[in-house]
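In: with the input below, show me the fold.
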Amino acid sequence: MKTTISSWALSLAALAAVFAWPMSASAQTAALPKAEVTLYFQHYWPQTALTVKELVTPWCDTIAKESNQRMRCVTLPAMSGGGTPAQLVDRVKEGVDDAVLTVLGYTPGRFPRMEVFELPFMTRNAEAASKAAWDYMNKNASQEFAGMKVLAMWVHDEGQIHTKGKQIKTLADFKGMKMRAPSRETTKLLQALGATPVGMPITGVTEAITKGTIDGTMVPWDAAASFRIHEAANLHTETPAGSPALYTIGLVFAMNEKRYNGLPADLKAIIDKHSGAQLSARMGRMWDDSAAPARAKAQAAGNQFYTLPSTELARWQEAAKPVQAEWMIDMHKRGIDGRALFDDAKRLLAKYEAAPSVTAKTPSKAVPKKKP
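Out: As a prediction, the model looks like this:
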């Protein structure tokens with residue numbers, strides 16, 4: 001089994017991509033002595049995305065510095081190492097990529113236990129939910145990550161609705177709308193709300209909206225800005241501040257397990273030091289903090305905003321209840337006690353939502369000013 005891209009597994013396309021990205025780790029370390037360990041780290045984010053600035057770049061810089069350059073990354077942003085976002089899980093499990101950062105929902109049905117955090121109106125805060133997701137994964141779902149060394153697990157902040165042509169204000173407005181669904185559970189949610197879900201990675205959403213292939217999407221604010229979705233979809237529907245999130249998506253940062261296990265003990269210790277619960281919480285907090293500045297970009301573009309009134313939100317919550325029930329039925333069919341998992345997830349969410357560091361934060365949802 002291949003455990004690195006460093007030889008035959010690195011295709012000509014990937015080699016070209018490495019040289020084509022002047023800000024990649026390979027360019028940054030070109031003048032340095034050859035590393036003892038080179039980790040080929042692939043993800044789907046553009047190089048300018050906040051996730052790259054807050055996780056990929058600093059993590060790689062830190063492990064290089066603390067290992068005295070014995071261990072370094074070659075980063076492959078925007079899938080420049082080959083494959084598609086949906087293939088990242090298999091690529092890291094098989095050792096084609098040494099490390100990846102991806103969305104769990106891009107491989108539907110592969111992480112059913114973790115889908116509990118993607119159920120509608122489940123979470124309220126990305127930092128708290130990320131802490132809960134890390135604990136829950138280690139207690140209840142580690143078997144779903146066989147072949148992978150999970151370095152961090154988190155969820156993004158609340159997803160909002162972004163459309164072109166028609167703004168969503170009521171349940172009835174979903175009828176006839178083709179909406180991109182980022183995961184299996186959001187597909188079910190959109191169906192429950194009355195829309196026609198269309199599955200695709202976020203990398204193709206802006207073009208699809210521009211061409212009219214879809215009418216809109218559900219994404220958090222930073223993703224809308226990172227992938228320039230707000231330039232194609234100029235109508236935004238938000239849930240009220242303090243309400244449960246319409247939806248969230250789980251993300252994972254993982255290494256090939258054999259690659260990790262084969263490292264010298266001191267290099268493992270460096271990776272462990274900068275991974276785990278602390279990194280998971282920090283990534284959740286990053287998403288919470290990213291919403292307001294990303295939303296401001298849509299405001300600067302002159303886009304239109306609508307905040308659901310509580311009475312309409314209650315209708316959406318009622319319409320979404322069957323999605324939770326269906327998840328539990330699916331768990332039962334798999335021989336898994338879905339009710340116990342759901343209750344444990346809710347317990348962990350309540351625990352971390354009550355923490356002072358979380359409750360002291362101001363809501364990320366800003367109510368748009370009315371035009372005079």
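In: which ones are touching residue 89?
Out: 100, 102, 106, 107, 110, 148 (Cβ atoms under 8 Å, 6 or more residues apart in numbering). No exception for glycine: its C-beta is placed from N, CA and C like everyone else's.
In: pLDDT score assigned to the third one?
Out: Confidence per residue is given as pLDDT, and for residue 106 that number is 91.
In: correct me, but it touches residue 85?
Out: Yes - with contacts counted by Cβ atoms under 8 Å, residue 106 reaches residue 85, the gap being 5.0 Å.
In: any residues in contact with both of those two?
Out: residue 201.
In: the helices in the stretch 51-200 of the chain, which residues?
Out: Taking DSSP state H, counting those that start in this stretch, the helices of the stretch 51-200 of the chain run over residues 57-66, 88-94, 126-136, 184-193.
In: return the set of buried residues in the first one.
Out: What it means is helix 57-66. Applying a neighbour-count criterion of 16 or more other Cβ atoms under 10 Å, one finds 57, 59, 60, 63, 64, 66 buried in helix 57-66.
In: most widely separated two among those residues?
Out: 57 and 66 (15.1 Å; Cβ to Cβ).
In: beta partners of the most centrally placed residue in the chain?
Out: Geometric centre of the chain, nearest residue: residue 251, 4.0 Å, by Cα atoms, centre = their mean. When assigned by DSSP bridges, residue 251 has beta-bridge partners residue 103, residue 154.
In: surely it meets residue 150?
Out: No - taking contacts as Cβ under 8 Å, residue 251 lies outside contact range of residue 150: 11.1 Å.
In: where does the prediction get shaky in the stretch 201-350 of the chain?
Out: The stretch 201-350 of the chain contains no residues with pLDDT under 70.
In: where do the helices sit along it?
Out: 205-211, 221-226, 229-232, 257-261, 265-273, 277-300, 310-333, 338-353.
In: what about dumping the CA coordinates of the first one to PDB?
Out: Looking back up the chat, that one is helix 205-211. Only the C-alpha atoms of helix 205-211 are listed here, as PDB (Å, rounded to 0.1, in the frame of the first residue of the first chain):
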ATOM      1  CA  VAL A 205     -21.700  26.200  -6.400                       C
ATOM      2  CA  THR A 206     -21.000  29.800  -7.700                       C
ATOM      3  CA  GLU A 207     -20.800  28.700 -11.300                       C
ATOM      4  CA  ALA A 208     -24.000  26.600 -10.900                       C
ATOM      5  CA  ILE A 209     -25.900  29.600  -9.500                       C
ATOM      6  CA  THR A 210     -24.500  31.900 -12.200                       C
ATOM      7  CA  LYS A 211     -25.600  29.500 -15.000                       C
END
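In: which elements pack onto that helix?
Out: Secondary-structure packing of helix 205-211 (3 or more Cβ pairs under 8 Å, 6 or more residues apart in numbering; DSSP states H and E): strand 216-219, helix 229-232.
In: now the shortest one
Out: Helices and strands in packing contact with helix 229-232 are listed as helix 205-211; criterion 3+ Cβ pairs under 8 Å, 6+ apart.
In: also the fifth one?
Out: Counting contacts by 3+ Cβ pairs under 8 Å, 6+ apart, helix 265-273 packs against helix 57-66.
In: just the C-alphas of the helix it packs on, formatted as PDB.
Out: The C-alpha trace of helix 57-66 is given here as PDB (Å, rounded to 0.1, in the frame of the first residue of the first chain):
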ATOM      1  CA  THR A  57      -0.600  27.200   7.000                       C
ATOM      2  CA  PRO A  58       0.000  27.700  10.700                       C
ATOM      3  CA  TRP A  59      -0.200  24.000  11.500                       C
ATOM      4  CA  CYS A  60       2.300  23.200   8.800                       C
ATOM      5  CA  ASP A  61       4.600  26.000   9.900                       C
ATOM      6  CA  THR A  62       4.400  24.900  13.500                       C
ATOM      7  CA  ILE A  63       5.300  21.300  12.900                       C
ATOM      8  CA  ALA A  64       8.200  22.300  10.700                       C
ATOM      9  CA  LYS A  65       9.600  24.800  13.300                       C
ATOM     10  CA  GLU A  66       9.200  22.500  16.200                       C
END
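In: who's in contact with that helix?
Out: Applying Cβ under 8 Å, 6+ apart, the contact partners of helix 57-66 are 25, 29, 35, 39, 41, 71-73, 75, 267, 270-271, 273-274, 279.
In: buried among the contacts of residue 89? Need that as a selection in ChimeraX.
Out: Typed into ChimeraX, the next command selects the buried ones out of the contacts of residue 89 (criterion: 16+ other Cβ under 10 Å):
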select :100,102,106,107,148
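In: right, I'll call it a day here.
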